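Trainee: Need the 3D shape of this:
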Amino acid sequence: VLFRVELIDPQHTMAGKKRTITAVILLTLVDITANTIAYLNGGSLNKFNHDINFFSIFTSLLDLWALGLLRVCVLFGAVLSVLYNTRDAVPRIKLSRSWIGILPAAVCAYTFVKLLLYSEKEVKFPHKPWFWANFVGNIVGSAVFYFNWTLLSRISPQESHTYTSINTAEGTTEETERLLGGEEKTSNKKGRKKKSNFSSVEKLF
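Mentor: Next up, the predicted model:
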């Protein structure tokens, strides 16, 4: 009996992969956008020049914004690896879940240390929403980073495979002859092995 087996990924698997990657990209963009707006106090681009020229680890918040940029770069690198090589990238992302949590944990720890450093330099904290949004946004962004990494690790790394076998209804004549010829060769080899076994037994007797 001739048959053809085709193993193709279900459409919902591909759709799930696209939805997951889209959600990760959107959450990452929201993270960096919110942190940038909070850092710029709503839209003051001169803050970049000022903090670069007069950077102080006690009062400048440029380093907190840079940590958000680091999260975005790592996540976009993971997304690109999943897009171009899902089969190898997803297992590696799953294996790295045990230690990738060090990054958001370190960012959260540095955020609290930054708050303490600011209190050492300034007597009072400024009562401005933009100031506190930098710290809260960094902590929330770290949690979103690990959540996005978990989403990427749950993508199915299946690929499409097609196996063509003999099928009287669907297979072509060439396929049938080629596969039948292979079966005949296999049966001939088995017959020869049996004959050689019988002859060796006769010699033994």
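
Trainee: host element of Trp149?
Mentor: Under the criterion of DSSP states H and E, Trp149 resides in helix 129-153.

Trainee: ok, now Phe125?
Mentor: Using DSSP H and E, Phe125 falls outside every helix and strand.

Trainee: surely it meets Ser119?
Mentor: Yes. Counting by C-beta atoms under 8 Å, Phe125 does reach Ser119; the two are 7.1 Å apart. No exception for glycine: its C-beta is placed from N, CA and C like everyone else's.

Trainee: which residues does Phe135 contact?
Mentor: Residues near Phe135 by C-beta atoms under 8 Å, 6 or more residues apart in numbering: 64, 111, 114-115.

Trainee: could you redo the last one with a cut-off of 6 Å?
Mentor: Thr111 (C-beta atoms under 6 Å, 6 or more residues apart in numbering).

Trainee: can you confirm Phe48 is in a strand?
Mentor: No. Counting by DSSP: H, G, I helix; E, B strand; the rest coil, Phe48 is not part of a strand but helix.

Trainee: Check it and give its pLDDT.
Mentor: For Phe48, the pLDDT comes out at 84.

Trainee: What about it, how many residues nearby?
Mentor: Per other C-beta atoms under 10 Å, the neighbour tally for Phe48 reads 14.

Trainee: what ranges of the chain fall below the confidence cut-off?
Mentor: 1-15, 43, 122-123, 158-205 (pLDDT under 70).

Trainee: returning to what we had before: list the buried residues in the helix holding Trp149.
Mentor: Using 16 or more other C-beta atoms under 10 Å as the test for burial, helix 129-153 gives 133-135, 137-138, 141-142, 144-146, 148-149, 151-153.

Trainee: ok, then the element right after the strand or helix carrying Ala78?
Mentor: Here Ala78, judged by DSSP H and E, is contained in helix 62-84. Helices and strands here follow DSSP H and E; after helix 62-84, the next one along the chain is helix 86-100.
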